[in-house]
Structure formats: C-alpha cells, structure tokens
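Visitor: coords please:
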Amino acid sequence: MIKFIEVQVSEEEESKMELINVANIGRVFPNPQNSTKCIIELSYHSMNDEPVYLEAEMSYESVRKQLLDLD
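Guide: Residues are numbered from 1 along each chain as shown. Below you'll find the model as predicted:
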C-alpha cells in the first residue's frame, strides 16, 4: 500500500503544498537555521546525480509525527 504525506514546501520565493510518497523519504532532519522548518531528503537523485532536498514549512517534530502516525 502506497502512503503519502502532504507538506508545505518552500521553493525560492513561493510556498506550495506537495504530496510526498513516504517510500521516497530518505531522511528528515531539523533545519539548523530555522526551528519552524525541516529538511526532507528524498531517496532518489536529480538529473545531475545530486540528492533531492525539500524545505518543509513544518517543524521536524510535526513531520516526524505524521510519519509515525502512518504506521
């Protein structure tokens, strides 16, 4: 069964809601510069073979709770 979480993601000057497949999440960690945001590392790479990171407009604890509630 495929599970998704919905998070608000910042990209440059705009913010948007995005569905993320939980199976594609590699790591989630707090943003060291802003405690109200966190970084989500996806388990796949971009076309230039770089890791893909999303800056979520949610705290680390909020995203972690969403992931734990899926189990």
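
Visitor: low-confidence regions, this protein specifically.
Guide: Within the chain, the stretches with pLDDT under 70 are 71.

Visitor: so where do the helices sit in it?
Guide: 60-69 (DSSP state H).

Visitor: spatially central, which residue of it would that be?
Guide: Nearest to the mean C-alpha position of the chain, by C-alpha atoms, centre = their mean, lies Ile40 at 3.3 Å.

Visitor: residues touching that residue, list them.
Guide: Val7, Ile20, Ile25, Arg27, Val28, Tyr53, Leu54, Glu55, Ala56, Val63 (C-beta atoms under 8 Å, 6 or more residues apart in numbering). The C-beta positions use only the backbone N, C-alpha and C, and glycine is treated the same way.

Visitor: tell me where this protein has strands.
Guide: With DSSP state E as the definition, the chain shows strands at residue ranges 4-11, 14-21, 25-30, 38-45, 51-56.

Visitor: what's the neighbour count on Met58?
Guide: Neighbours of Met58 under the rule other C-beta atoms under 10 Å: 20.

Visitor: show me what the closest residue to Lys16 other than its chain neighbours is bridged to.
Guide: Excluding its sequence neighbours, the residue lying closest to Lys16 (C-beta to C-beta, 6 or more residues apart in numbering) is Val9, at 6.1 Å. Counting by DSSP bridges, Val9 is bridged to Lys16, Ala56.
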